[in-house]
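# Could you look at this predicted model? Sequence included:
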Amino acid sequence: MKIRKIMCGVLACAMLSLFTFSGCNGQNTEQSSQPSESVPSTQSSQKSENSTSKESSEPQSSENSAENEKITPSVWKVTDANGNYIYMMGSIHAADNAVNNMPDYFESAFNECTALAVEADVTNVTSDISQAVDIAQKMMYTDGTTIKDHISAETYKKSVKLLTDNNMYTSLYDYYMPFAWTSLIEDIVIEKSGLDVNKGVDTVLTKRAKKDNKKILEVESVDFQLNLFKDFSDETQELMLKAYTEDGVIEEQVKALNELYDKWKKGTITAEDVSDDVDESSMTDEEKALFDEYNKKMLDDRNINMADKAEEYMQGSETVMFVVGAAHFQGEKGILQLMKDKGCTVTPLTSDDVSDVSADENTEETYPNAA
């Protein structure tokens with residue numbers, strides 16, 4: 001089975017940056033046969049700092065080019081029948097310096113807003129090692145079992161090889177659940193793509209909002225997302241992990257992620273671009289059912305909850321910029337359609353709107369980026 005899109009960390013959740021920050025970057029070393037009371041030392045954090053220091057002394061032409069790149073991501077103003085409104089934008093959880101050069105129509109709307117709504121405030125975790133350690137520990141088995149007891153020997157072997165080949169494996173990971181391994185592999189995809197979770201749209205905007213003293217609203221929470229993954233059965237978690245071990249998938253995902261990011265920057269993402277479709281010809285009926293369940297819980301059900309939250313914020317006292325994963329906005333079950341079903345008008349913003357982005361919109365609802 002070959003997946004077509006990144007499944008978890010990049011579009012649907014911010015879990016990837018949490019797990020990476022928690023020190024989970026192996027060095028192909030063997031650990032003791034029992035997990036320690038704490039997670040591994042923050043090797044990845046130290047590695048990141050060292051890399052940053054090294055990179056700062058080298059030419060940064062590509063990074064400078066990205067920061068000066070003109071981007072036009074989709075931003076929508078959603079207005080209800082009573083004139084209450086909210087701004088919305090899809091997030092990409094791994095990006096580059098281009099996100100520091102947002103277009104004027106976004107800046108105007110963002111400056112007007114008094115609050116930023118994101119899936120989860122991961123900046124709290126990445127600035128507090130105790131929280132990161134706590135979250136990493138929640139990803140571990142506490143009943144004396146290891147991942148070997150929960151997935152097939154073949155999937156385990158292939159997953160270990162994939163991590164080992166990328167200098168990511170340590171035997172301590174055997175005490176982590178399969179979804180944590182999937183996050184590690186997605187980290188490999190992101191690294192190979194040249195993008196960075198620390199420059200993800202939601203992360204950058206959250207830091208900006210805090211600096212500007214805007215209120216931070218969590219549409220979900222870190223614990224909610226963590227429990228969402230933990231609640232999936234062993235079979236479902238293995239299915240997601242197994243998909244990454246197939247030949248050529250990592251390369252496919254790197255290409256897909258870069259293409260998706262390019263489309264995000266241009267504001268041309270469609271429902272097809274963010275769908276978690278798979279090649280079902282190689283799937284059993286059981287695997288198809290598991291994938292359908294996964295897709296429903298990860299996207300469809302969460303879209304409903306997110307749309308309800310957006311409606312709540314719209315009717316509140318804050319002017320809100322609502323930024324969640326780009327996958328949640330598109331398609332017949334996406335947030336934009338759900339807001340339309342609630343009787344709202346959805347209007348894409350452009351540079352022509354900068355002079356009066358807060359004006360009451362009475363134009364016909366259109367959102368060309370939603371299928």
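Nice, I can see it.
# What ranges does the protein have for its strands?
Under the criterion DSSP state E, the chain contains strands at 75-79, 85-91, 115-118, 215-218, 320-325, 345-348.
# Just the residues contacting the fourth one, thanks.
Contacts of strand 215-218 from elsewhere in the structure, counted by C-beta atoms under 8 Å, 6 or more residues apart in numbering, are 114-121, 206, 209-210, 313, 318, 320. Glycine gets a C-beta too; all of them are placed from N, C-alpha and C.
# just checking, His93 touches Asp196?
No: assessed by C-beta atoms under 8 Å, His93 is found out of contact with Asp196, at 10.2 Å.
# quick revisit: how about JSON lines for the strands of the chain, with mean pLDDT, distance to Lys192 and mean neighbour count added?
Putting the strands of the chain into JSON lines (pLDDT from 0 to 100; distance: least, C-beta to C-beta, whole Å; neighbours: other C-beta atoms under 10 Å) gives the following:
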{"stretch": "strand 75-79", "mean pLDDT": "98", "distance to Lys192": "29", "mean neighbour count": "24"}
{"stretch": "strand 85-91", "mean pLDDT": "97", "distance to Lys192": "21", "mean neighbour count": "25"}
{"stretch": "strand 115-118", "mean pLDDT": "98", "distance to Lys192": "26", "mean neighbour count": "23"}
{"stretch": "strand 215-218", "mean pLDDT": "97", "distance to Lys192": "30", "mean neighbour count": "16"}
{"stretch": "strand 320-325", "mean pLDDT": "97", "distance to Lys192": "21", "mean neighbour count": "25"}
{"stretch": "strand 345-348", "mean pLDDT": "98", "distance to Lys192": "33", "mean neighbour count": "20"}
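# among those strands, which is nearest Ile250?
Closest to Ile250 of the strands of the chain, according to C-beta to C-beta: strand 320-325, at 21.2 Å.
# one step back: rebuild the strands of the chain as a markdown table, extending it with distance to Leu163.
Output for those, formatted as a markdown table (distance: least, C-beta to C-beta, whole Å):
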| stretch | distance to Leu163 |
| --- | --- |
| strand 75-79 | 38 |
| strand 85-91 | 27 |
| strand 115-118 | 29 |
| strand 215-218 | 31 |
| strand 320-325 | 25 |
| strand 345-348 | 42 |
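# out of these, nearest to Glu235?
Of all the strands of the chain, strand 320-325 comes closest under C-beta to C-beta, at 24.6 Å.
# Give me the angle between the closest one and strand 75-79.
130 degrees (axes from the mean of the first three to the mean of the last three C-alpha atoms, to 10 degrees).
# and strand 320-325, how far from the chain's centre?
13 Å (C-alpha atoms, centre = their mean, to the nearest Å).
# now what about it, what contacts it?
11-13, 86-91, 93, 109-110, 113-119, 201-202, 205, 209, 217, 219, 306, 310, 313-314, 335.
# Pairing partners for it, with directions?
strand 85-91 (parallel), strand 115-118 (parallel) (DSSP bridges).
# Just tell me which of those ends up closest to Lys70.
Closest among those, using C-beta to C-beta: strand 85-91, at 16.7 Å.
# Test my guess that Val122 contacts Thr203.
Yes: using C-beta under 8 Å, Val122 makes contact with Thr203 at a distance of 6.2 Å.
# So which of the two has more stuff around it?
More neighbours surround Val122 than the other of Val122 and Thr203, with 28 against 24 (other C-beta atoms under 10 Å).
# ok, His93 and Asp196, which is more surrounded?
Taking neighbours as other C-beta under 10 Å, His93 and Asp196 compare with His93 leading, 28 against 17.
# related to what we said a few turns ago, would JSON lines of the strands paired with strand 320-325 with distance to Glu272 be doable?
JSON lines is the format used below for the strands paired with strand 320-325 (distance: least, C-beta to C-beta, whole Å):
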{"stretch": "strand 85-91", "distance to Glu272": "14"}
{"stretch": "strand 115-118", "distance to Glu272": "25"}
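# Dump the longest helix along the chain to CSV, restricted to CA.
Assignment by DSSP state H gives helix 249-266 as the longest helix of the chain. What follows is helix 249-266, C-alpha atoms only, in CSV (Å, rounded to 0.1, in the frame of the first residue of the first chain):
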residue,chain,number,x,y,z
VAL,A,249,7.1,6.1,-0.3
ILE,A,250,9.5,8.5,1.5
GLU,A,251,10.6,9.9,-1.9
GLU,A,252,7.0,10.2,-3.0
GLN,A,253,6.1,12.0,0.3
VAL,A,254,9.0,14.5,0.0
LYS,A,255,7.8,15.4,-3.5
ALA,A,256,4.2,15.6,-2.4
LEU,A,257,5.1,17.8,0.6
ASN,A,258,7.1,20.3,-1.5
GLU,A,259,4.3,20.4,-4.1
LEU,A,260,1.7,21.0,-1.4
TYR,A,261,3.8,23.8,0.1
ASP,A,262,4.2,25.5,-3.3
LYS,A,263,0.4,25.4,-3.8
TRP,A,264,-0.1,26.7,-0.3
LYS,A,265,2.1,29.7,-1.1
LYS,A,266,0.1,30.3,-4.3
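# in that helix, what counts as buried?
Counting neighbours by 16 or more other C-beta atoms under 10 Å, one finds that the buried residues in helix 249-266 are Val249, Ile250, Glu252, Gln253, Val254, Ala256, Leu257, Leu260, Tyr261, Lys263, Trp264, Lys265.
# Check the model's average confidence along it for me.
When pLDDT is averaged along helix 249-266, the result is 94.
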